[in-house]
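Student: Output the structure for:
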Amino acid sequence: MVTQVMFAPDWFASKDIFIHGFNVLVLLLIAAFSLRSYFFKKQENKSYLFFAVSFILLAVSFLWRMVTDITVIYEIIKVKQVGILDVTFKTIYTEKVLFVAGHLAHYLFLLLGLYILYVVLNRKSTMNHLFILYFIIITTIFSNFSYFIFHLTALVMLMGIAYRYYLIYKSNKRKSTKLLFISFCVLALSQVLFMPVRLYTNIYIVAQIAQLIGFLILLIAFIMVMYNGKKKSRKHNK
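Tutor: Numbers count the residues shown, from 1 in each chain. As a prediction, this is how the structure comes out:
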């Protein structure tokens, strides 16, 4: 069977996989920082544990994306003459079950990771959380037919997380919280940029770079949180 998908431009393909790998590394580092904080604080704050789980899920999501992209068996390039321009159509032949499963796993793990982050930051009614979880499952299923639905859902969740960090920043005025707010705004922007990728292929590159910058800012923010935590601990022990 043939599945038509939207990949990065040919010259960017290897760099695309590298960026996914870097995202995995950054997310695992953040998960490790969260776990360290959880055990360092003698497990008194379970939020750190949930943060770790959410970032592990996000890392697994991008890992699945890497594996899915690498397992493409071969591709056929068809060039069609449109006026004076050569328009290239790419059809990817791949193992259908593995390919679909890989994309579904990427969608599901990423949305679940964002969901856990959202729940930790917004401790409201259980029914509200169950409704969002149901919405994620339905979105994941239909995202296999339209990548737009996936990116739209991710955008909504990232905006919700960013807004929550904005409220926290208004309260504590910490630089680390401000960076967390900025990072999720940049990640939300990357989802907006991914949406029109079929209309303008090269915007995929801009979206990937924006997403990479968002994760880098997120890593810096977590390093600041860890550093500030150590400073407070030293003052407390004196």
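Student: Need the pLDDT of residue 82.
Tutor: You'll see residue 82 listed with a pLDDT of 45.
Student: what does residue 17 give?
Tutor: pLDDT, read off for residue 17, is 82.
Student: Please name every helix or strand in contact with the one helix or strand residue 100 maps to.
Tutor: Using DSSP states H and E, residue 100 maps to helix 96-121. The contact analysis (3 or more CB pairs under 8 Å, 6 or more residues apart in numbering; DSSP states H and E) places helix 96-121 against strand 2-3, helix 47-70, helix 126-143, helix 147-172. All C-beta atoms are positioned from the backbone trio N, CA, C, and that covers glycine.
Student: Please identify the deepest-packed of those.
Tutor: Counting by mean count of other CB atoms under 10 Å, helix 47-70 has the highest mean neighbour count of these, with a mean of 20.
Student: what about residue 53, distance to residue 179?
Tutor: 22 Å (CB to CB, to the nearest Å).
Student: Next, format the helices and strands packed on helix 96-121 as CSV and append distance to residue 29.
Tutor: CSV is the format used below for the helices and strands packed on helix 96-121 (distance: least, CB to CB, whole Å):
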stretch, distance to residue 29
strand 2-3, 33
helix 47-70, 9
helix 126-143, 25
helix 147-172, 19
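Student: related to what we said a few turns ago, now the helix holding residue 100: mean pLDDT?
Tutor: 82.
Student: buried stuff in it?
Tutor: For helix 96-121, the neighbour count (16 or more other CB atoms under 10 Å) marks 99, 102-121 as buried.
Student: Figure out how far it is from the centre of its chain.
Tutor: Put simply, helix 96-121 sits 9 Å off its chain's centre (CA atoms, centre = their mean, to the nearest Å).
Student: And the average pLDDT for the top helix by length along the chain is what?
Tutor: Criterion DSSP state H: the longest helix present in the chain is helix 203-237. The pLDDT scores in helix 203-237 average 82.
Student: Would you mind telling me which of the helices and strands packed on helix 96-121 is nearest residue 27?
Tutor: helix 47-70 (3.8 Å; CB to CB).
Student: just checking, what packs against that closest one?
Tutor: Looks like helix 47-70 contacts helix 13-40, helix 96-121 (3+ CB pairs under 8 Å, 6+ apart).
Student: Pull the residues that contact it.
Tutor: 7, 13, 16-17, 20-21, 23-24, 27-28, 30-32, 34-35, 37-38, 41, 43, 98-99, 102-103, 105-110, 112-117, 119-120 (CB atoms under 8 Å, 6 or more residues apart in numbering).
Student: That one to helix 96-121, inter-axis angle?
Tutor: Interaxial angle, helix 47-70 versus helix 96-121 (axes from the mean of the first three to the mean of the last three CA atoms, to 10 degrees): 160 degrees.
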